[in-house]
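Undergrad: Build me a model:
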Amino acid sequence: MKKILLVALALIVSLPVHAAVTLKIATVSPENTQWMRDLRASAAEIKTRTDGRVVIKYYGGGVMGNDTKVLGRIRIGSLQGGAFTATSLASQYTDLNLYGLPLIFDSEEEVAYVRERLDAKLQQGLEDAGFVNFGFAGGGFAILMSNTPVDELADLKGKKVWVPEGDSISYASMEALSLSPVTLPLTDVLTGLQTGLLDIVAIPPIGALVLQWHTKIKYITELPLVYTIAFMAIEKRAFEKISPADQAIVREIMDATYRKFDVVNPKDNQAARDVLLDQGIKSMQFERDNYLAIRAVLAESNKALGAKGKFSADMYDEMVGYIAEFRSKQAADISPPPDVSAANK
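TA: Below you'll find the model as predicted:
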């Protein structure tokens, strides 16, 4: 009996022990927004479902600093993750730049077609780069917002436009359009608009509303300039301190949270645009010829960026192939039916 007890004890001692894990995660999302309420609700569910073995603590409102500072804190272990936009982690995995190439997409429907085919590959690439993630939440298109009307390419020349820190793609693209890029952290953009440091910003309407940028602009230009995504990224070594069973619970709950964001965000974005117009902000449109002209300029810029290694050529070609496939199907759907009357005579 003693031998049996000793063997059992030895087996128990040899089993891996997973202590309670706290994941500290930073985000620029302001407190009391629906995003933060949903994130905190998912954290509460994870804590309950894991009997307190996994605790997620969010630091909202950008209190942990800009993306560079957040990544630095993750490296030293004072944070375990963050809620990022694609460009924020492009330094860790360059193909995150692909969806955000300027004017690569024409519509949400086009984006949906491509994402259905590429999201899984990008998620896996991010995990291979050392970050666990739970899917992408589309943030809609960043559109131009300004204090002077912009409805043709010439209106952009020389204007000071905001570019996020570390976003070399947008920087090069804005230069290609003869704009003057001004690099600022997200937290300084409102001040830049107030002081005249910036003439133009590009952001989805919901972002402008939440961050109060809309209070400092007079016009929006209905140009699907850049498609935006957001996602949570947790440092893989920190995540692997959680037991496999609890990892599955975290993934289940957070996957569902980000699927919800992905569905709700486009609706919120449209509602936010309507609010901007209701508050007296004027909507401007690019005519088709001007739109095609600006897209041609940016297409050349995108190719040049690819040649510099800002994203992998294979993934870019695959994405462009899906876009062409979608446009071809759309063109076929709207083409007039064949005239079969002659054949039947």
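
Undergrad: Sketch out the low-pLDDT regions of the stretch 1-150 of the chain for me.
TA: Where the stretch 1-150 of the chain drops to pLDDT under 70, the residues are 1-18.

Undergrad: Helices along that one, start to end?
TA: For the stretch 1-150 of the chain, the helices defined by DSSP state H, counting those that start in this stretch occupy 2-14, 34-49, 67-76, 108-128.

Undergrad: need those helices in CSV with distance to L153 and mean neighbour count, can you?
TA: The C-beta positions use only the backbone N, C-alpha and C, and glycine is treated the same way. Shown next, in CSV, are the helices of the stretch 1-150 of the chain (distance: least, Cβ to Cβ, whole Å; neighbours: other Cβ atoms under 10 Å):
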stretch, distance to L153, mean neighbour count
helix 2-14, 69, 9
helix 34-49, 35, 17
helix 67-76, 30, 17
helix 108-128, 22, 16
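
Undergrad: Quick one: closest of those helices to A256.
TA: Shortest distance between A256 and the helices of the stretch 1-150 of the chain, using Cβ to Cβ, is found for helix 34-49: 7.9 Å.

Undergrad: who touches that closest one?
TA: Residues outside helix 34-49 that contact it (Cβ atoms under 8 Å, 6 or more residues apart in numbering) are 27, 29-30, 54-58, 60, 83, 249-250, 253-254, 256-257, 260-261, 264, 268.

Undergrad: what about 7 Å?
TA: With contact meaning Cβ atoms under 7 Å, 6 or more residues apart in numbering, helix 34-49 is reached by S29, V54, V55, I56, Y58, G60, I249, V250, I253, M254, T257, K260.

Undergrad: Now do that helix: distance to the chain's middle.
TA: Averaging C-alpha positions (Cα atoms, centre = their mean, to the nearest Å) puts helix 34-49 20 Å from its chain's average.

Undergrad: ok, the lengthiest strand in the chain: who's next to it in the sheet?
TA: Longest strand in the chain, counting residues (DSSP state E): strand 219-235. Strand pairing for strand 219-235, using DSSP bridges, gives strand 81-85 (antiparallel), strand 131-133 (antiparallel), strand 137-146 (antiparallel), strand 282-284 (parallel).

Undergrad: who touches L197 in this structure?
TA: K160, V182.

Undergrad: wait, is it part of a helix?
TA: No - under DSSP: H, G, I helix; E, B strand; the rest coil, L197 sits outside any helix and is assigned coil.

Undergrad: Need the pLDDT of it.
TA: Note on L197: pLDDT of 95.

Undergrad: Nearest residue to the middle of the protein?
TA: Geometric centre of the chain, nearest residue: I229, 1.9 Å, by Cα atoms, centre = their mean.

Undergrad: Make sure that one is actually in contact with Y99.
TA: Yes - taking contacts as Cβ atoms under 7 Å, I229 lies within contact range of Y99: 5.7 Å.

Undergrad: Between the two, which contacts overlap?
TA: Residues touching both I229 and Y99 by Cβ under 7 Å, 6+ apart: A86.

Undergrad: So what angle separates the directions of the host helix or strand of A256 and strand 137-146?
TA: Assigned by DSSP states H and E, A256 belongs to helix 244-278. Angle of helix 244-278 versus strand 137-146, following axes from the mean of the first three to the mean of the last three Cα atoms, to 10 degrees, is 30 degrees.

Undergrad: per-residue confidence averaged over helix 244-278?
TA: Throughout helix 244-278, pLDDT has a mean value of 95.

Undergrad: Return the list of helices and strands in contact with that helix.
TA: With contacts taken as 3 or more Cβ pairs under 7 Å, 6 or more residues apart in numbering; DSSP states H and E, helix 244-278 sits against helix 34-49, strand 137-146, helix 205-210, strand 219-235.

Undergrad: Distance to S107 added to these, as a markdown table?
TA: Output for the helices and strands packed on helix 244-278, formatted as a markdown table (distance: least, Cβ to Cβ, whole Å):
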| stretch | distance to S107 |
| --- | --- |
| helix 34-49 | 24 |
| strand 137-146 | 9 |
| helix 205-210 | 16 |
| strand 219-235 | 7 |
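
Undergrad: Of those, which is nearest K308?
TA: Ranking those by proximity to K308 (Cβ to Cβ) places strand 219-235 first, at 18.5 Å.

Undergrad: quick check, distance from the closest one to the centre of its chain.
TA: How far strand 219-235 lies from its chain's middle: 5 Å, per Cα atoms, centre = their mean.

Undergrad: Now it: buried residues?
TA: For strand 219-235, a neighbour-count test (16 or more other Cβ atoms under 10 Å) marks 219-221, 223-235 as buried.
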